[in-house]
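Peer 1: can't give you the sequence, but here's the structure:
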Ligand SMILES: Nc1ncnc2c1ncn2[C@@H]1O[C@H](COP(=O)(O)OP(=O)(O)OP(=O)(O)O)[C@@H](O)[C@H]1O
């Protein structure tokens, strides 16, 4: 059940990375550029956009793995008390409640460890010193993701891709999180496995009420798993709303272009689609105006001059576009 209570909020969040060095001109990559979003308790928010749009950076910043350049990330505890999240300010208890599952679990789990040890270690650091208690927690997490206990004695590298991703999810679950950033967790898996892992995450969300930021570049996957969808383009959220509304009534030309890549998602939309080749042009933030304007077939003078803010067009459905 999605509650109206907010669990994680970003307020005018900016994360800029410096490019260039001693001998070249310095510039900034505005990976996240003034993002204000709320993730509610029990909600799955799909975060969709092309590669380089800032999804991973936004996700990492919401769990305190990346420092904001400006703005804030706020976590609300069970009493509704706000806590600011930054790599320096986050305390150990909150740290445990905010977990991440990566696209490639090999990047986060040592392949030469026994599966049991890979799970035991984070539990130990989280204060679970008793081996019997640790085993019980690990078994419970394995039950939830449908893995047999005998895999615990294998090395991580012996696991299949799907098993590895499930171990990564089990590892995040063991710590009893309230919030999970799932960063393209099914991108590297084949189609049949994708569905199974998505089902696991949905079940975990429904049964445990864990909020999930589900990062993906594939709208069809966001459609099946998310309660709401946020569309990110070059560091900005350009559209956000309930999944049905975003998919059936896409407002932003960029969302329409993304949907165009999946005509089967809703064939009735095909005639409405605009023609934008989303892969053709280099993704560069223009000096002024809406950052999508160089690719937008509906561009107007105003779009070149000032950046549109998110506007509520129908209940809960916001878009940053002067067409509305
Ligand atoms: N640590 C870093 N240092 C410098 N630039 C970075 C860093 N992390 C990300 N970037 C840049 O920030 C931008 C956004 O990257 P990010 O990985 O957040 O996007 P993404 O939407 O998750 O893309 P992908 O799906 O390819 O991971 C990119 O231009 C990337 O090169």
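Peer 2: Alright, I've got the coordinates. Predicted model, so just to flag it, every value in this text is computed and none were measured.
Peer 1: please make it C-alpha for all contacts and neighbour counts, starting now.
Peer 2: OK.
Peer 1: in this structure residue 179 contacts residue 98, no?
Peer 2: Yes: applying C-alpha atoms under 8 Å, one finds residue 179 in contact with residue 98, separated by 5.0 Å.
Peer 1: any buried residues in the longest helix along the chain, and which?
Peer 2: Longest helix in the chain by number of residues, with DSSP state H as the criterion: helix 191-208. Across helix 191-208, burial judged by 16 or more other C-alpha atoms under 10 Å covers 194, 195, 197, 198, 200, 201, 202, 204, 205, 206.
Peer 1: now those residues in CSV, with pLDDT and distance to residue 13?
Peer 2: Formatted as CSV, the buried residues of helix 191-208 follow (pLDDT from 0 to 100; distance: C-alpha to C-alpha, whole Å):
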residue, pLDDT, distance to residue 13
194, 85, 31
195, 85, 33
197, 86, 30
198, 90, 28
200, 88, 31
201, 91, 27
202, 92, 28
204, 90, 28
205, 93, 26
206, 92, 29
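Peer 1: sorry, back to before: tell me which of residue 179 and residue 98 has more neighbours.
Peer 2: residue 179 (30 against 22; other C-alpha atoms under 10 Å).
Peer 1: identify the bridge partners of the more buried one.
Peer 2: For residue 179, the beta-bridge assignment (DSSP bridges) gives partners residue 98, residue 211.
Peer 1: tell me how far it lies from the ligand.
Peer 2: Distance from residue 179 to the ligand, counting by C-alpha to the nearest ligand atom, to the nearest Å: 18 Å.
Peer 1: got a list of what the residue lying closest to residue 16 once chain neighbours are set aside touches?
Peer 2: Leaving aside its chain neighbours, residue 16 sits nearest to residue 30 (4.5 Å; criterion: C-alpha to C-alpha, 6 or more residues apart in numbering). Shown in contact with residue 30 (C-alpha atoms under 8 Å, 6 or more residues apart in numbering): 14, 15, 16, 17, 234, 235.
Peer 1: try 7 Å this time
Peer 2: Residues in contact with residue 30 (C-alpha atoms under 7 Å, 6 or more residues apart in numbering) are 15, 16, 17, 235.
Peer 1: just these now: which is nearest residue 57?
Peer 2: When those are compared for distance to residue 57 (C-alpha to C-alpha), residue 15 wins out at 7.6 Å.
Peer 1: ok, now which ones touch the closest one?
Peer 2: 30, 31, 32, 33, 68, 69, 70.
Peer 1: correct me, but the last one touches residue 13?
Peer 2: It refers to residue 70. Yes: under the criterion of C-alpha atoms under 7 Å, residue 70 makes contact with residue 13 at 6.0 Å.
Peer 1: secondary structure element for the residue nearest the centre of the chain?
Peer 2: The centre of the chain sits closest to residue 215, judged by C-alpha atoms, centre = their mean, with a distance of 3.1 Å. Residue 215 belongs to strand 211-216 when assigned by DSSP states H and E.
Peer 1: tell me if the helix or strand just after that strand is near the ligand.
Peer 2: Downstream of strand 211-216, the first helix or strand assigned by DSSP H and E is helix 219-225. No: with C-alpha under 6 Å from any ligand atom as the criterion, the ligand is not reached by helix 219-225; the gap is at least 13.2 Å.
Peer 1: buried sites along helix 219-225?
Peer 2: Those would be 219, 221, 222, 223, 225, for helix 219-225 by 16+ other C-alpha under 10 Å.
Peer 1: for these, which one is nearest the ligand?
Peer 2: residue 219 (13.2 Å; C-alpha to the nearest ligand atom).
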